[in-house]
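*Asks:* The sequence and its predicted three-dimensional model are supplied below.
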Amino acid sequence: MDRKININVQKQLSEFYSRLDYKPLSANAISIYLILLEIACKIDWLREFKVTNTTLMSKIKRLSISSLQRARNELITNEYIVYKKGTNQNDASSYTIIRLYSDEFKKSEQADEQASEQASEQAGEMTNDYIITKLNILFNYIYNNAEGEEIGLKEKDRYPIILILKRLDLYSEDQRAYFYMSDRQVLDQKIMIWAIKELYISPYKVYLNNLQRNKFVLKYLKTKKYIKKKPGHTLQDIIKYFIACLQEELDRDKWRYEKKIKEEESFYEQVRQINRQG
């Protein structure tokens with residue numbers, strides 16, 4: 001048997017989150033799956049790899065051994081992983097990630113690709129896969145009450161961020177709405193939500209109420225159009241440029257706001273002087 005299994009992280013995660021619509025998992029089960037997927041990616045997709053319970057429990061805050069076992073059983077029952085218990089306390093348990101999507105390409109077509117092109121595509125793909133994983137962690141944090149520490153968020157941040165997203169019409173009360181959106185539309189939505197999160201944890205947080213949906217979405221569409229003209233662009237390029245444009249817009253709003261305050265202060269000072277003279 002081949003000791004490795006080829007998994008495209010982007011396709012795997014896309015199928016994983018699609019299945020959650022009709023095969024829901026607990027927040028702990030989702031977190032454990034993402035951790036196992038990350039480990040499998042780091043060890044170059046070995047078909048079977050070992051992970052201790054202690055390692056998994058250390059990565060999820062307040063996760064007990066009983067909670068770990070329940071979450072793991074969810075993943076096993078829903079056929080996301082294969083699990084083999086260690087033979088003793090010194091032997092870590094073994095895991096296998098089950099590929100969720102069908103391979104769309106024939107081996108002969110893959111073999112015909114040039115080595116240089118393949119290396120370039122893989123480099124961009126790994127970057128995009130990493131970004132998409134982060135986007136999905138945030139999506140789970142917003143909609144499924146998952147942990148957000150890995151992306152710089154705490155429990156107290158969830159409601160304020162949701163309020164901002166609601167104001168910008170970026171939050172759906174019914175997650176099934178995403179089922180009727182194309183993959184491209186869902187990804188666009190997740191990128192815009194990520195941008196709000198990045199501004200929220202930055203000094204620009206105090207100016208988020210100045211954002212208007214029409215300008216926000218238009219700036220994103222212009223960003224995509226501009227970045228996609230550049231060869232070899234990645235999702236990270238789109239996100240970074242989009243956030244930079246938003247920061248520039250908020251800086252202008254800040255300047256206009258401060259100018260207005262100074263003008264009002266100057267006006268009231270003149271009124272006070274007139275009153276004193278009278």
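*Replies:* Thanks, I have it.

*Asks:* Using PDB, write out every CA atom in stretch 67-79.
*Replies:* Taking Å, rounded to 0.1, in the frame of the first residue of the first chain, the C-alpha atoms of stretch 67-79 are listed here in PDB:
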ATOM      1  CA  SER A  67     -14.600  15.700  25.200                       C
ATOM      2  CA  LEU A  68     -11.800  14.700  22.900                       C
ATOM      3  CA  GLN A  69     -13.100  11.100  22.700                       C
ATOM      4  CA  ARG A  70     -16.600  12.300  21.900                       C
ATOM      5  CA  ALA A  71     -15.400  14.700  19.200                       C
ATOM      6  CA  ARG A  72     -13.100  12.000  17.700                       C
ATOM      7  CA  ASN A  73     -16.000   9.500  17.600                       C
ATOM      8  CA  GLU A  74     -18.000  12.100  15.600                       C
ATOM      9  CA  LEU A  75     -15.200  12.300  13.000                       C
ATOM     10  CA  ILE A  76     -15.000   8.500  12.900                       C
ATOM     11  CA  THR A  77     -18.800   8.000  12.600                       C
ATOM     12  CA  ASN A  78     -19.100  10.600   9.900                       C
ATOM     13  CA  GLU A  79     -16.200   9.000   8.000                       C
END
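
*Asks:* what about that stretch, average pLDDT?
*Replies:* Stretch 67-79 carries an average pLDDT of 93.

*Asks:* where does the stretch 51-200 of the chain have low pLDDT?
*Replies:* For the stretch 51-200 of the chain, the stretches flagged by pLDDT under 70 are 103-126.

*Asks:* All the helices of it, residue numbers only.
*Replies:* 53-59, 65-77, 107-111, 115-144, 158-167, 183-200 (DSSP state H, counting those that start in this stretch).

*Asks:* Out of those helices, flag the one nearest I97.
*Replies:* Minimum separation from I97 across the helices of the stretch 51-200 of the chain (CB to CB) falls at helix 65-77, 9.8 Å. Glycine gets a C-beta too; all of them are placed from N, C-alpha and C.

*Asks:* Buried residues, the closest one. List them.
*Replies:* 67-68, 71-72, 74-75 (16 or more other CB atoms under 10 Å).

*Asks:* Q189: neighbouring residues, count only.
*Replies:* When counting by other CB atoms under 10 Å, one arrives at 19 neighbours for Q189.

*Asks:* Now for the nearest residue to it once chain neighbours are set aside, how many residues are close by?
*Replies:* Excluding its sequence neighbours, the residue lying closest to Q189 (CB to CB, 6 or more residues apart in numbering) is L170, at 6.7 Å. A count of nearby residues for L170, using other CB under 10 Å, gives 19.
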